[in-house]
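**Student:** Sharing a model that was predicted from the sequence below.
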Amino acid sequence: MNNNLDIISKSIWLPKDEPTYFFGPCSAESPEQLYETAKGIARNFKNVIFRAGVWKPRTRPNSFEGLGEESLNWLRDIKNEFGFKIATEVANAEHVEKALEAEIDILWIGARTTVNPFYVQTIAESLRGVDSTVFVKNPLHPDISLWVGALERLNNVGIKKLGAIHRGFHLSDNGPFRNSPNWALAVQLKTAFPNLPLICDVSHISGTPDLIPLVSQRAIDLDMDGLMVETHYNPKVALSDAEQQLTPDDLANYIKKLIWKKNESSNLDFRSKLELLREEIDKIDDELVDQLANRMNLAKQIGAYKKENNVTVLQLDRWLKILQKSVNQGNSMGLSEEFVTQLYNVIHDESIRIQTLIQKSKNEKV
């Protein structure tokens with residue numbers, strides 16, 4: 001992936017040695033609700049970004065869709081009362097204008113908006129020349145190009161304090177989660193843009209308080225920069241996403257149990273042993289690439305023979321035997337079936353691609 005984001009280092013505008021927390025209710029429902037929730041958060045935390053939805057895009061029109069502009073004033077009151085920075089979601093240029101007028105510190109673009117480049121571009125244009133902090137949630141479906149594209153559109157109009165929020169993806173089967181974590185795609189984003197702050201929205205991945213500790217610790221282990229967790233002073237009466245919100249005290253109890261880790265250590269013995277192991281991995285990786293190149297060269301020769309003899313590229317029986325054999329061998333050596341299957345599917349897809357090109361060529365010979 002091309003790194004086109006001209007972003008500054010996250011250490012310039014995010015704390016280096018402590019996580020960034022986005023805590024607050026799913027929706028701003030009333031001044032009293034916000035105050036009681038903020039009071040509970042302040043009792044347990046100091047440096048927090050207080051989050052609350054003002055405009056709520058809902059699937060069904062009769063669901064609670066937020067109270068709009070009126071509740072921006074309530075958020076400003078929370079900011080003045082508790083000293084928290086305030087964050088809310090925007091979905092169009094009018095939202096941006098109203099949020100900036102209310103002195104909202106941080107804006108985020110939701111998953112339903114990220115999927116539409118037209119919407120994102122409109123928001124970006126409304127922010128041109130404005131020194132704002134903007135986070136972008138991943139799109140509903142696992143499409144990293146849409147996610148990066150939204151960030152690029154904001155960057156192109158001069159927004160430098162950019163961040164991403166990983167809130168999981170909606171698949172046909174999300175397992176026990178509300179949204180599938182698809183950690184590999186989040187890691188792919190971190191790899192492409194190491195200076196881009198990445199926050200994990202554990203509430204929207206989990207969908208239930210029971211999974212929040214598990215998801216949070218996994219995000220920490222993957223070196224994410226912070227957590228977004230929905231908290232409500234009384235989740236039972238929440239008007240949206242009641243089932244995934246925690247009370248401020250429950251939130252504090254689970255945060256205390258998380259183990260925050262650093263991405264490096266000053267222990268010389270650890271660093272020495274780690275370097276030796278990494279050198280071994282580097283050697284194996286070199287061998288892997290060499291062997292993959294050899295395998296694809298053989299696939300190319302096979303493709304040429306198939307073409308000469310008018311044989312189909314896909315040989316399903318042969319492929320299924322290879323896959324089953326590899327899965328069995330992997331299992332015997334401690335490799336999961338899912339890992340081996342995914343790996344060999346990628347290898348097979350590339351082999352098919354090479355042989356298909358040969359079938360289309362005019363004079364391919366061995």
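**Tutor:** Now that the structure is in, tell me what you want to look at.

**Student:** Mind naming the longest helix for this structure?
**Tutor:** helix 268-308 (DSSP state H).

**Student:** Skip ahead from the helix or strand where residue 121 lies and say which helix or strand is next.
**Tutor:** For residue 121, the host element (DSSP states H and E) is helix 117-126. Next helix or strand after helix 117-126 toward the C-terminus (DSSP H and E): strand 133-137.

**Student:** Pull up the pairing partners for that next one, direction included.
**Tutor:** Strand pairing for strand 133-137, using DSSP bridges, gives strand 106-109 (parallel), strand 161-166 (parallel).

**Student:** Next SSE downstream of the first one?
**Tutor:** Counting by DSSP H and E, the next helix or strand C-terminal to strand 106-109 is helix 111-114.

**Student:** Please compute how far the longest helix of the chain lies from its chain's middle.
**Tutor:** 29 Å (C-alpha atoms, centre = their mean, to the nearest Å).

**Student:** need the next SSE after it, C-terminal direction.
**Tutor:** helix 316-332.

**Student:** could you give me the average pLDDT of that following helix?
**Tutor:** For helix 316-332, mean pLDDT is 94.

**Student:** Next, the angle from the helix or strand following it to helix 316-332.
**Tutor:** The helix or strand immediately downstream of helix 316-332 is helix 337-360, counting by DSSP H and E. Orientation note: helix 337-360 sits at an angle of 150 degrees relative to helix 316-332 (axes from the mean of the first three to the mean of the last three C-alpha atoms, to 10 degrees).

**Student:** buried stuff in helix 337-360?
**Tutor:** When burial is assessed from 16 or more other C-beta atoms under 10 Å, helix 337-360 yields the following buried residues: 340, 344, 347, 351, 354, 355, 358. To be clear about C-beta, it is placed using only N, CA and C from the backbone, and glycine gets the same treatment.

**Student:** and if you look at stretch 295-302?
**Tutor:** By neighbour count on 16+ other C-beta under 10 Å, the buried set for stretch 295-302 is 299, 300, 302.

**Student:** Stretch 195-208 too?
**Tutor:** Judged by neighbour count (16+ other C-beta under 10 Å), stretch 195-208 contains these buried residues: 196, 197, 198, 199, 200, 201, 202, 203, 204, 205, 206, 207.

**Student:** Can you list the low-confidence ranges for this protein?
**Tutor:** Residue ranges of the chain with pLDDT under 70: 1-4, 6-9, 11-12, 16, 363-366.

**Student:** now do 50
**Tutor:** In the predicted model, the chain carries pLDDT under 50 at residues 364-366.

**Student:** picking up where we left off before, the longest helix of the chain versus helix 337-360: what angle between them?
**Tutor:** 40 degrees.

**Student:** Report all helices and strands that helix 268-308 contacts.
**Tutor:** helix 337-360 (3 or more C-beta pairs under 8 Å, 6 or more residues apart in numbering; DSSP states H and E).

**Student:** Contacts for the helix it packs on, please.
**Tutor:** 292, 295-296, 299-300, 302-304, 306-307, 313-314, 319, 322-323, 326-327, 330-331, 364 (C-beta atoms under 8 Å, 6 or more residues apart in numbering).

**Student:** Also stretch 108-122?
**Tutor:** So stretch 108-122 is in contact with 57, 87-93, 123, 134-141, 143, 146-147, 149-150, 153-154, 165, 167, going by C-beta under 8 Å, 6+ apart.

**Student:** Please list the members of those residues that lie in strands.
**Tutor:** Those of those mapping onto strands are 87, 88, 89, 90, 134, 135, 136, 137, 165, per DSSP state E.

**Student:** all helices of the stretch 101-250 of the chain, in order?
**Tutor:** Under the criterion DSSP state H, counting those that start in this stretch, the stretch 101-250 of the chain carries helices at the ranges 111-114, 117-126, 144-156, 183-192, 202-206, 212-221, 248-257.

**Student:** where's the first one relative to the chain centroid, distance-wise?
**Tutor:** Distance of helix 111-114 from its chain centroid, counting by C-alpha atoms, centre = their mean, is 13 Å.

**Student:** and what of the last one?
**Tutor:** Relative to its chain's centre, helix 248-257 lies at 23 Å (C-alpha atoms, centre = their mean).

**Student:** Report the backbone C-alpha coordinates of that helix in CSV.
**Tutor:** C-alpha atoms of helix 248-257 as CSV (Å, rounded to 0.1, in the frame of the first residue of the first chain):
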residue,chain,number,x,y,z
PRO,A,248,-18.4,4.2,35.2
ASP,A,249,-17.4,2.1,38.2
ASP,A,250,-17.6,-1.2,36.3
LEU,A,251,-15.5,0.5,33.6
ALA,A,252,-12.9,1.5,36.1
ASN,A,253,-12.7,-2.0,37.6
TYR,A,254,-12.0,-3.7,34.3
ILE,A,255,-9.5,-1.0,33.2
LYS,A,256,-7.5,-1.6,36.3
LYS,A,257,-7.1,-5.3,35.4
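
**Student:** Adding distance to residue 233, write the buried residues of stretch 295-302 out as JSON lines.
**Tutor:** What follows is the buried residues of stretch 295-302, written out as JSON lines (distance: C-beta to C-beta, whole Å):
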{"residue": "299", "distance to residue 233": "61"}
{"residue": "300", "distance to residue 233": "65"}
{"residue": "302", "distance to residue 233": "66"}
